[in-house]
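Colleague: sequence unavailable; structure follows:
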Ligand code: PHE
């Protein structure tokens with residue numbers, strides 16, 4: 001059994017928790033969760049999403065960390081080693097490749113949206129120092145940003161450079177230092193926003209929208225979206241958490257850290273929802289009006305009214321950029337680690353290749369808002385189509401394969417050793433049968449509805 005990885009190691013249990021939480025908490029919680037909740041009618045969607053976190057997300061979270069830590073390499077090579085050891089087919093490596101491809105696609109549009117948040121953060125900063133005009137009509141400001149391919153490309157590029165800057169320096173020096181400082185800061189700023197949301201007078205209504213289920217809203221596509229969101233927000237199904245697991249010291253208890261990460265991520269999403277929807281409602285916006293611009297068009301309304309709103313707006317959008325940054329790092333890491341193992345490239349060169357490729361792919365998303373805005377793929381814009389294929393289709397398939405691999409290919413001896421040798425039998429068996437049968441079956445049922453079979 002390997003006790004360390006050639007790519008480096010997290011220095012402690014806490015470092016892993018911070019890094020994995022940094023990966024999980026990002027635009028998925030603060031941008032994607034509110035807007036797709038809005039589009040899917042609120043309460044019922046939120047409850048199904050929470051159910052997916054519990055029944056699908058948690059067992060797969062454990063599985064990914066187990067596979068990563070046992071293999072100690074990039075996902076593709078960890079899976080190859082473990083398949084060889086178990087005398088299983090190397091076709092399982094396909095899971096690693098699927099993860100790397102999903103990672104590229106997600107990183108490509110993720111970086112564009114993170115670019116929007118950077119743009120807003122700096123726009124408020126400029127206003128604060130008296131060099132920029134105030135945002136008077138947030139809807140128009142957002143439209144103007146999307147219409148400018150040049151602006152979008154610039155911010156997308158800047159964000160990609162920030163990300164590659166961290167990944168290039170490797171685990172301890174880059175990733176860990178960045179997350180230990182930035183994560184706690186993020187949480188404090190979110191709590192302040194929640195405090196504001198509670199004082200808007202629309203808090204009750206927002207709570208009702210988020211948690212009172214209207215079961216008539218439930219449909220096949222809605223469940224697919226809820227499960228996709230569970231995967232996306234926990235960074236599961238594309239081997240990102242598996243990659244981070246490879247750098248986890250052997251003595252750390254996987255069920256404990258895995259549960260901590262999942263709970264933190266869910267709490268952040270719910271706090272974000274509770275902070276944002278009161279603002280949306282109190283400004284007379286229909287909470288069901290949706291759209292990827294939701295937070296960009298609603299929150300500036302609040303910032304323009306609240307005391308110190310400009311400073312607050314700046315802090316909020318820069319905070320969101322930071323959250324996105326720590327997630328993007330984990331989107332870039334699996335492909336980078338694989339390139340380091342499979343080629344002669346140094347870590348820096350490998351990271352640069354990954355970033356350059358993802359940046360170019362991101363241009364398709366940039367253009368989907370302006371010069372290619374007419375292009376529609378199955379009724380979706382290019383960005384929506386990329387998001388849908390990666391998050392709602394590829395991540396669940398990756399998760400399905402991850403669960404089957406951990407449950408059936410790895411021996412019970414190995415999984416037990418990795419999870420926690422002192423774990424009571426019932427707890428181990430609960431994980432084992434969830435992972436072997438229940439979780440894969442749930443994913444299959446949801447994916448089948450996608451194909452229109454059910
Ligand atoms: N979990 C991240 C977020 O919610 C996005 C992400 C998805 C990161 C998949 C890594 C892997 O913003």
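Modeller: In hand now; what should we look at? On a predicted model such as this, the values are computed, not experimentally measured, just so you know.

Colleague: now stretch 10-23: buried residues?
Modeller: By 16 or more other C-beta atoms under 10 Å, the buried positions in stretch 10-23 come out as 10, 13, 15-23. Backbone N, C-alpha and C define where each C-beta goes, glycine included.

Colleague: near the ligand, list only the ones from the residues you listed.
Modeller: With the criterion set as C-beta under 6 Å from any ligand atom, the members of the buried residues of stretch 10-23 near the ligand are residue 23.

Colleague: closest to the ligand among the buried residues of stretch 10-23?
Modeller: Nearest to the ligand among those, counting by C-beta to the nearest ligand atom, is residue 23 at 5.2 Å.

Colleague: did I read that right, that closest one in a helix?
Modeller: Yes - secondary structure of residue 23 (DSSP: H, G, I helix; E, B strand; the rest coil): part of a helix.

Colleague: which one is it nearest to, not counting chain neighbours?
Modeller: Using C-beta to C-beta, 6 or more residues apart in numbering and skipping residues adjacent in sequence, the residue nearest residue 23 is residue 330, 3.6 Å away.

Colleague: any idea how far residue 383 is from that neighbour?
Modeller: According to C-beta to C-beta, to the nearest Å, residue 330 stands 21 Å off from residue 383.

Colleague: next one: residue 297
Modeller: Distance, residue 297 to residue 383, by C-beta to C-beta: 17 Å.

Colleague: same question for residue 262.
Modeller: Plainly put, residue 262 is 27 Å away from residue 383 if you go by C-beta to C-beta.

Colleague: and the two? which has more neighbours close in?
Modeller: Taking other C-beta atoms under 10 Å, residue 262 and residue 383 do not tie; residue 262 has more neighbours (24 against 20).

Colleague: give me every residue that touches the closest residue to the ligand within the stretch 51-200 of the chain.
Modeller: Taking C-beta to the nearest ligand atom, the ligand has its nearest neighbour within the stretch 51-200 of the chain at residue 106, 5.5 Å off. By C-beta atoms under 8 Å, 6 or more residues apart in numbering, residue 106 lies in contact with 232, 238, 331, 387, 390-391.

Colleague: just to be sure, it is in a helix?
Modeller: Yes - counting by three-state DSSP, residue 106 is found in a helix.

Colleague: before we go further, the residue nearest to residue 23 is sitting in a helix, right?
Modeller: Yes - using three-state DSSP, the assignment for residue 330 is a helix.

Colleague: number of residues surrounding it?
Modeller: Residue 330 is flanked by 27 other residues according to other C-beta under 10 Å.

Colleague: isn't it up against residue 242?
Modeller: No - the criterion here is C-beta atoms under 8 Å, and residue 330 misses it with residue 242 at 10.4 Å.

Colleague: thinking again about what came up before, now the residue of the stretch 51-200 of the chain closest to the ligand: how far from residue 251?
Modeller: Residue 106 is 32 Å from residue 251, where distance means C-beta to C-beta.

Colleague: quick one: pLDDT of the residue of the chain positioned farthest from its centre?
Modeller: Using C-alpha atoms, centre = their mean, the residue of the chain lying farthest from its centre is residue 130. It sits 34.9 Å away. Model confidence at residue 130, given as pLDDT, is 90.

Colleague: excluding its backbone neighbours, what's nearest residue 35?
Modeller: Here the residue nearest residue 35, using C-beta to C-beta, 6+ apart, is residue 294, at 4.2 Å.

Colleague: buried ones in stretch 184-191?
Modeller: 186-187, 189-190.

Colleague: do the same with stretch 357-369
Modeller: The neighbour-count check on stretch 357-369 (16+ other C-beta under 10 Å) flags 358-359, 361-369 as buried.

Colleague: what's the answer for stretch 373-383, then?
Modeller: 381-383.

Colleague: for it, measure first residue to last.
Modeller: 10 Å (C-alpha to C-alpha, to the nearest Å).

Colleague: what's in contact with it?
Modeller: For stretch 373-383, the external contacting residues (C-beta under 8 Å, 6+ apart) are 109, 112, 292, 364-365, 367-369, 372, 385, 388.

Colleague: let's see 7 Å
Modeller: Counting contacts by C-beta atoms under 7 Å, 6 or more residues apart in numbering, the residues outside stretch 373-383 that touch it are 109, 364-365, 368, 372, 385, 388.

Colleague: now do stretch 109-123
Modeller: With contact meaning C-beta under 7 Å, 6+ apart, stretch 109-123 is reached by 27, 31, 132, 135, 145, 151-152, 155-156, 158-160, 296, 314, 317-318, 320-321, 324, 328, 331, 358, 362, 365-366, 383, 386-387.

Colleague: in contact with the one residue in the chain that gets nearest to the ligand, which residues?
Modeller: Ranked by C-beta to the nearest ligand atom, the top residue of the chain for proximity to the ligand is residue 28, at 2.0 Å. Contacts for residue 28 (C-beta under 7 Å, 6+ apart) come out as 232-233.

Colleague: tell me how far it lies from residue 203.
Modeller: To residue 203, residue 28 is 24 Å away according to C-beta to C-beta.

Colleague: over to residue 54?
Modeller: With C-beta to C-beta as the criterion, residue 54 and residue 203 are 26 Å apart.

Colleague: who has more neighbours out of these two?
Modeller: Per other C-beta under 10 Å, whichever of residue 54 and residue 203 has more neighbours is residue 203, with 18 against 13.

Colleague: what's the burial count for the nearest residue to that one once chain neighbours are set aside?
Modeller: Distance criterion C-beta to C-beta, 6+ apart; nearest residue to residue 203, sequence neighbours excluded, is residue 278 at 4.8 Å. Neighbours of residue 278 under the rule other C-beta under 10 Å: 26.

Colleague: got the end-to-end distance for stretch 373-391?
Modeller: Span of stretch 373-391 from end to end, C-alpha to C-alpha: 21 Å.

Colleague: quick one: distance of it to the chain centre.
Modeller: Taking C-alpha atoms, centre = their mean, to the nearest Å, one finds stretch 373-391 lying 18 Å from the centre of the chain it belongs to.

Colleague: is it in proximity to the ligand?
Modeller: No - Stretch 373-391 stays clear of the ligand (C-beta under 6 Å from any ligand atom), getting no nearer than 7.7 Å.

Colleague: tell me the mean pLDDT over that stretch?
Modeller: 93.

Colleague: one more: stretch 446-453?
Modeller: 82.

Colleague: contact residues of the chain facing the ligand?
Modeller: 23-24, 26-29, 106, 232-233, 235, 238, 240, 327, 330-331.

Colleague: which two of these have the greatest separation?
Modeller: Across those, the longest distance by C-beta to C-beta is 16.9 Å; it joins 29 and 238.

Colleague: how about residues contacting stretch 306-314?
Modeller: Residues contacting stretch 306-314 (C-beta under 7 Å, 6+ apart): 121, 124-125, 127-128, 196, 300, 303.

Colleague: and it, what's buried?
Modeller: For stretch 306-314, a neighbour-count test (16+ other C-beta under 10 Å) marks 306, 309-310, 312-314 as buried.

Colleague: neighbour-wise, which of residue 29 and residue 238 wins?
Modeller: Legend: neighbour count by other C-beta under 10 Å for residue 29 and residue 238, higher for residue 238 (34 against 27).
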